[in-house]
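Student: with the sequence up front, the predicted model follows.
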2 protein chains.
Amino acid sequence: MEEEKETLKSRKVITIGIVSELTGLSVRRIRYYEERKLIFPERTKQGSRKFSFSDVEALMDIANKIEDGVQTHEIRREMARRERGLTDREVRDQMLKGQLRAHFGETRS
Amino acid sequence: MEEEKETLKSRKVITIGIVSELTGLSVRRIRYYEERKLIFPERTKQGSRKFSFSDVEALMDIANKIEDGVQTHEIRREMARRERGLTDREVRDQMLKGQLRAHFGETRS
DNA sequence: CGTGTAAGGAATTCTGACACG
DNA sequence: CGTGTAAGGAATTCTGACACG
């Protein structure tokens, strides 16, 4: 049984408009990153997205990687690797490869 | 110069609808407590209120006192006393008096 | 692939006011 | 005094789609 304790940082209480102001990202981009499974906001009864401070942090990291040319697909993989418990060393190594691919403009990744 | 550092708890990022869900208080009551100077939400550019987790906590305390028959005016005073740096002992003493007034249904307070 | 935009609808929020008590 | 409600308007959010590249 996995118990996740609710912290101030993990509670989903921020609407997308405020997240947009906090991160500087457009609402469109935030929705897109959710679509690509990079963030997982909750929903209000009506259906509006609710984010946490952790999500805000994650979004800023994502934005930086996107700027570096890393594709959402790659970012998604990095997350998966971390979840599997790889060491920081291994993850950094994988990330470096991603960066190199980005810089050399590889067609397929 | 008073410097206030922004913590996760003090950042104003929650809209009134979510605060309502979090506290169980009606939107009307939350707005009223602001009117009575018990809470101080910030505003978005457009004018919507933004609350912090601290505000949410404060609202729950306020709600409890209201249930006990304490008037907003009294609650406001308790806050003022705390801001002035009274000891917990003194504040508790003052609060007790307020409770008593409430229980005995005093006309003027 | 990543992101902007126009489209149409539904729900939110705001203020000032009237009601009741 | 504390809180509900109807009123009218403005801004938000949602989804699916078309555009560009």
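Tutor: Thanks, I have the structure now.
Student: flag the shaky bits of chain A, pLDDT-wise.
Tutor: Where chain A drops to pLDDT under 70, the residues are A:1, A:101-102, A:105-109.
Student: residues contacting the residue nearest the centre of chain A?
Tutor: Centroid check for chain A by C-alpha atoms, centre = their mean gives A:Leu38 as the closest residue, at 4.0 Å. A:Leu38 makes contact with A:58, A:62, A:72, A:75-76, A:79, according to C-beta atoms under 8 Å, 6 or more residues apart in numbering or on different chains. Every residue, glycine included, has its C-beta placed from N, CA and C.
Student: ok, of those residues, which one's closest to DNA strand D?
Tutor: Nearest to DNA strand D among the contacts of A:Leu38: A:Thr72, at 12.9 Å, using C-beta to the nearest atom of the strand.
Student: gap between the closest one and chain B?
Tutor: 25 Å (C-beta to the nearest C-beta, to the nearest Å).
Student: that older thread, give me the phi and psi for the residue nearest to the centre of chain A.
Tutor: Dihedral pair for A:Leu38: phi -100, psi -20, per degrees, to the nearest 10.
Student: just the one 4 residues further on next, same as before
Tutor: Reported as degrees, to the nearest 10, the phi and psi values for A:Glu42 are phi -90, psi -180.
Student: so what's the residue count around the residue in chain A that DNA strand D sits nearest to?
Tutor: Going by C-beta to the nearest atom of the strand, DNA strand D is nearest to A:Gly17 of chain A, at 2.6 Å. Using other C-beta atoms under 10 Å in any protein chain shown, A:Gly17 has 16 neighbouring residues.
Student: so what's it up against?
Tutor: A:27, B:44.
Student: and it, what element?
Tutor: Element membership of A:Gly17 [criterion: DSSP states H and E] is helix A:16-23.
Student: next: A:Gly69.
Tutor: Assigned by DSSP H and E, A:Gly69 belongs to no helix or strand.
Student: what about it, distance to A:Arg36?
Tutor: From A:Gly69 over to A:Arg36 the distance is 16 Å, taken as C-beta to C-beta, to the nearest Å.
Student: kindly report the residues of chain A close to chain B.
Tutor: Within reach of chain B by C-beta under 8 Å from any C-beta of the partner chain, chain A has these residues: A:8-9, A:11, A:13-15, A:17-18, A:21-22, A:44, A:50, A:53.
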